[in-house]
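> Using only what follows, build the 3D model:
(2 chains, ligands or ions: 3)
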Amino acid sequence: MSDVQTIEIMQGILARHATQEGPLLPILHSVQEEYGFIPADVVQIIADHLNITRAEVHGVISFYHDFRDAPAGKHVIKICRAEACQSVGANALSERALEKLGVAWGGTTTNGAVTVEAVYCLGLCACGPAAMVDGKVVGRVDASKLDKLLAEAGA
Amino acid sequence: MKIYVPLDSAAKALGADDVAATILSEAAMRGLDVDVIRNGTRGMIWLEPLVEIETDKGRVGYGAVEVADVPALLDGKLESLGLVEDLDWMKGQTRLTFQRCGVTDPLSLTDYEAHGGLTGLRTAIAMTPAGIVEEVTNSGLRGRGGAGFPTGIKWNTVLGAQADQKYIVCNADEGDSGTFADRMIMEGDPFTLIEGMVIAGLAVEATKGYVYLRSEYPDAIDIMGKAVVLARNAGMLGADVLGSGRAFDMEIRVGAGAYVCGEETSLLNSLEGKRGVVRAKPPLPALEGFLGKPTVVNNVISLATVPVVMEKGAAHYANFGLGRSKGTMPIQIAGNVKFGGLYETAFGMPLGDLVDTVAGGTLSGRPVKAVQVGGPLGAYMPREKFDTPFAYEEFDGQGGLIGHAGVVVFDDSTDMLGMARFAMEFCAVESCGKCTPCRIGAVRGVETIDRIGKGDASAIELLEDLCETMKDGSLCALGGFTPFPVMSALQNFPDDFVPNKEAAE
Ligand SMILES: Cc1cc2nc3c(=O)[nH]c(=O)nc-3n(C[C@H](O)[C@H](O)[C@H](O)COP(=O)(O)O)c2cc1C
Ligand code: SF4
Ligand code: FES
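Ligands and ions are numbered 1, 2, ... in the order given. Model prediction:
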């Protein structure tokens, strides 16, 4: 069962998407924006609203890399692993980041400051290695730039 | 004084926002009256942030500008690059689709119209739907998303379909490594895409459009969203497009981080709120697309090229190019290059000219080893194939593809076995899961390549068989084309696959 506050928040989100065709992805994006992840108890609310099963909603959530079922760290750092960035040293950069943070891809540092994720191309392939910190793009990331980004994020 | 500082993501990633802010604060300290305009990028990424100052002779460029350069810039003491229009990179191009990108303020409709915007739409409004479709067909424009299917023929199918509702869906999922043309035009000249979608709507009698834009592009999402509101307020979208009596409106939809959702049927499922699983064809999306209705699915660049086709005429566009590859292609030069960025030119330039001359060779200064053209499903081309002209059939003839025209350069330190492994790994991560050869085959592919790397020569034959199975048994090009980068790496760079190569070195 969901508490009153959740129901209220969800009513607002669902109303905002009421006139859209195929609204499930926009709804999920709004939920994630609100909570930072997709809480388990909203799945039923969405399913009821769209007249589909809970399993169907869950199937959609699990298909897409973007949707989380648990909160991320305070900052999310995405590092591009794709070919163009590899050609200018992305592999070594990724290794350095994972080692410094002491986590695997998708992991969060023990102090909760940083979640690090692999991303396949940010459209910054002429100024790689590329990264994104909380939605902000960073180009030509070398070891020292990386260390600075990690330090700023409090890792 | 008018100063241009790009708002393009690549410029921002290299510090453009800080440069723009410093220009404003330093100007205020000097009591200078400065108007900072955030333009799109000219495409010369190695010069970003490329700051331009308007003079009576034209726009003078400075780059790459750092925050510390700003005082000298304002005091007229920073060395300039000269007029931006006169730079080799600019002069060498034929900018049709990108004619306004970097020149105008992306969110000024006045600027847009002053530079030829809306001319194409006004021409289209005066024509019949069949007339517009014929014009696009005659231009020879082919889909820029990868497959190169003639745009006019696709539109004709949708025009001929009877339905109470039809849709225009713009594929802005741009997931290929080494590509950023869609992003650049959406950030730098968003009204061009909107205009192209409206024209498509008029041509096939569709009244509703969607842009499916990948979530990895937050800046493009922001700018496109603002542009749609501005276009609607100006009557370019809505119930009565520019007073034509015809309706067209559109919405921006954000993807959720799945490469396969760039495949058109997977995209349609995603847009409908489902898992992004690929659909079997037939039915064609043109007949049963979004919500089962006739739907045009086109790439950003295909649609953004339509306005210039209508503005200058099909014949003007078709005049450029080579053979059946008509017009121009915004080529994206990326990876280990001295000069990276967007270069729009007529089809037909040899690959070697692009790599050695336009891109200026590698950034590292080492010899070029391989060039991957057409994204993660494209072949690795060795220097022996550098005389291949950049065009659809010509690349196909060399066992490659141009795809969305990304060109990624690698130097001789690259381990091609590692690149082949990555291609399989990527396929395994991004597979939609529908077919076994793709879902399971890609995982086996990674294992098999690891065996080769450890010195098991017999695994090479296994890898070849596996690639054959993936090619033959996959429903879409993710599973079906992953063998291209893998096999081209193996065939063109066999030394990197020699067993025990570490021990042998
Ligand atoms: C795995 C896969 C990914 C694709 N990704 C894209 C993409 O990101 N953008 C795109 O326009 N087309 C992509 N395509 C091609 C589309 O399926 C489709 O051909 C295209 O959107 C049609 O538009 P066009 O005719 O204007 O090129 C992809 C195809 C496959 C198989
Ligand atoms: S080839 Fe792969 S991505 Fe394409 S439909 Fe089959 S399983 Fe899905
Ligand atoms: S490959 Fe890294 S940004 Fe495109």
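
> Please identify the residues of the stretch 301-450 of chain B in proximity to chain A?
Contacts of the stretch 301-450 of chain B with chain A, taken as Cβ under 8 Å from any Cβ of the partner chain, map to B:332-337, B:340-341, B:363, B:372, B:376, B:406, B:408-411, B:414, B:419, B:422, B:426, B:429-430. No exception for glycine: its C-beta is placed from N, CA and C like everyone else's.

> By proximity to ligand 2, which residue of chain A wins?
residue A:63 (11.5 Å; Cβ to the nearest ligand atom).

> now residue 89, nearest residue through space, not along the chain?
I went with chain A, as the question did not name one. Distances taken as Cβ to Cβ, 6 or more residues apart in numbering or on different chains place residue A:129 nearest to residue A:89, at 5.9 Å, with adjacent residues excluded.

> Actually, chain B is the one I wanted.
residue B:44 (5.4 Å).

> tell me the contacts of residue B:411?
By Cβ atoms under 8 Å, 6 or more residues apart in numbering or on different chains, residue B:411 lies in contact with A:87, B:336, B:362, B:364, B:366, B:367, B:368, B:369.

> what's the neighbour count on the residue lying closest to it once chain neighbours are set aside?
Using Cβ to Cβ, 6+ apart and skipping the chain neighbours, the partner closest in space to residue B:411 is residue B:366 (4.1 Å). Per other Cβ atoms under 10 Å in any protein chain shown, the neighbour tally for residue B:366 reads 14.

> Also residue A:126?
Neighbours of residue A:126 (other Cβ under 10 Å): 29.

> That one contacts residue B:338, doesn't it?
No: using Cβ atoms under 8 Å, residue A:126 makes no contact with residue B:338, being 10.8 Å away.

> which residues are in contact with both of those two?
Common neighbours of residue A:126 and residue B:338 (Cβ under 8 Å, 6+ apart) are residue B:46.

> sorry, back to before: which of the contacts of residue B:411 are buried, as a ChimeraX select command?
Of the contacts of residue B:411, the buried ones can be selected in ChimeraX as follows, counting by 16 or more other Cβ atoms under 10 Å in any protein chain shown:
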select /A:87 /B:336,362,364,368,369
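
> Which residue, other than its chain neighbours, is closest to residue 27?
No chain specified, so I'll use chain A. Nearest-residue entry for residue A:27: residue A:17, 5.2 Å, with adjacent residues in sequence omitted and distances by Cβ to Cβ, 6+ apart.

> that's the other chain; I wanted chain B
Residue B:27 sits nearest to residue B:34 (Cβ to Cβ, 6+ apart), 3.9 Å away.

> Enumerate every residue touching the one you found.
B:1, B:2, B:3, B:23, B:24, B:27, B:74.

> Number of residues surrounding the nearest residue in space to the last one that is not next to it in sequence?
This means residue B:74. Residue nearest to residue B:74 in three dimensions, not counting chain neighbours: residue B:26, with 5.5 Å by Cβ to Cβ, 6+ apart. Residues near residue B:26, counting by other Cβ under 10 Å, number 17.

> Doesn't residue B:26 belong to a strand?
No: per DSSP: H, G, I helix; E, B strand; the rest coil, residue B:26 lies outside any strand segment and is helix.

> domain ranges for chain B?
The record's domain split for chain B, according to automatic domain parsing, is B:2-86, B:109-318, B:321-411, B:416-504.

> State the distance from the residue nearest the centre of chain B to residue A:135.
The centroid of chain B falls nearest to residue B:181 when counting by Cα atoms, centre = their mean (3.3 Å). For residue B:181, the distance to residue A:135 equals 22 Å [Cβ to Cβ, to the nearest Å].

> Break down the stretch 101-250 of chain B into its helices, ranges please.
Ranges of helices in the stretch 101-250 of chain B, per DSSP state H, counting those that start in this stretch, are B:109-114, B:119-125, B:129-139, B:151-160, B:181-188, B:190-204, B:218-233.

> Just put those in JSON lines and tack on mean pLDDT and distance to residue B:59.
Listed next are the helices of the stretch 101-250 of chain B as JSON lines, based on pLDDT from 0 to 100; distance: least, Cβ to Cβ, whole Å:
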{"stretch": "helix B:109-114", "mean pLDDT": "98", "distance to residue B:59": "14"}
{"stretch": "helix B:119-125", "mean pLDDT": "98", "distance to residue B:59": "23"}
{"stretch": "helix B:129-139", "mean pLDDT": "98", "distance to residue B:59": "30"}
{"stretch": "helix B:151-160", "mean pLDDT": "98", "distance to residue B:59": "33"}
{"stretch": "helix B:181-188", "mean pLDDT": "98", "distance to residue B:59": "15"}
{"stretch": "helix B:190-204", "mean pLDDT": "98", "distance to residue B:59": "20"}
{"stretch": "helix B:218-233", "mean pLDDT": "98", "distance to residue B:59": "21"}
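
> re earlier: right, and the residue nearest to the centre of chain B touches residue B:302 too?
No: the pair residue B:181 and residue B:302 fails to qualify as a contact (Cβ under 8 Å) at a distance of 11.0 Å.

> Give the residues shared as contacts by these two.
Common neighbours of residue B:181 and residue B:302 (Cβ under 8 Å, 6+ apart) are residue B:144.

> Is there any residue in the longest helix seen in chain B that contacts ligand 1?
Ranked by residue count and defined by DSSP state H, the top helix of chain B is helix B:436-453. No: contact of helix B:436-453 with ligand 1 (Cβ under 6 Å from any ligand atom) is absent, the minimum separation being 10.0 Å.

> between the helix or strand following that helix and helix B:436-453, what angle do the directions make?
Where DSSP states H and E defines the elements, the next helix or strand beyond helix B:436-453 is helix B:459-473. Relative orientation of helix B:459-473 versus helix B:436-453 (axes from the mean of the first three to the mean of the last three Cα atoms, to 10 degrees): 160 degrees.

> Check the stretch 101-250 of chain B for the residue nearest chain A and tell me.
At 3.5 Å from chain A, residue B:177 is the closest residue in the stretch 101-250 of chain B, using Cβ to the nearest Cβ.

> Mind checking which residue lies nearest the centre of chain A?
Geometric middle of chain A (Cα atoms, centre = their mean) lands on residue A:66, at 4.8 Å.

> Now do the SS call for it.
Classified using three-state DSSP, residue A:66 is coil.

> now do residue B:53
strand.

> how's chain A carved up into domains?
Split by automatic domain parsing, chain A gives A:4-63, A:75-152.

> just to revisit the earlier point, and the residue of chain A closest to ligand 2, how many neighbours?
By the criterion of other Cβ under 10 Å, residue A:63 has 21 neighbours.

> ok, which residues in chain A are in contact with ligand 2?
Residues of chain A lying close to ligand 2 by Cβ under 6 Å from any ligand atom: none are found.
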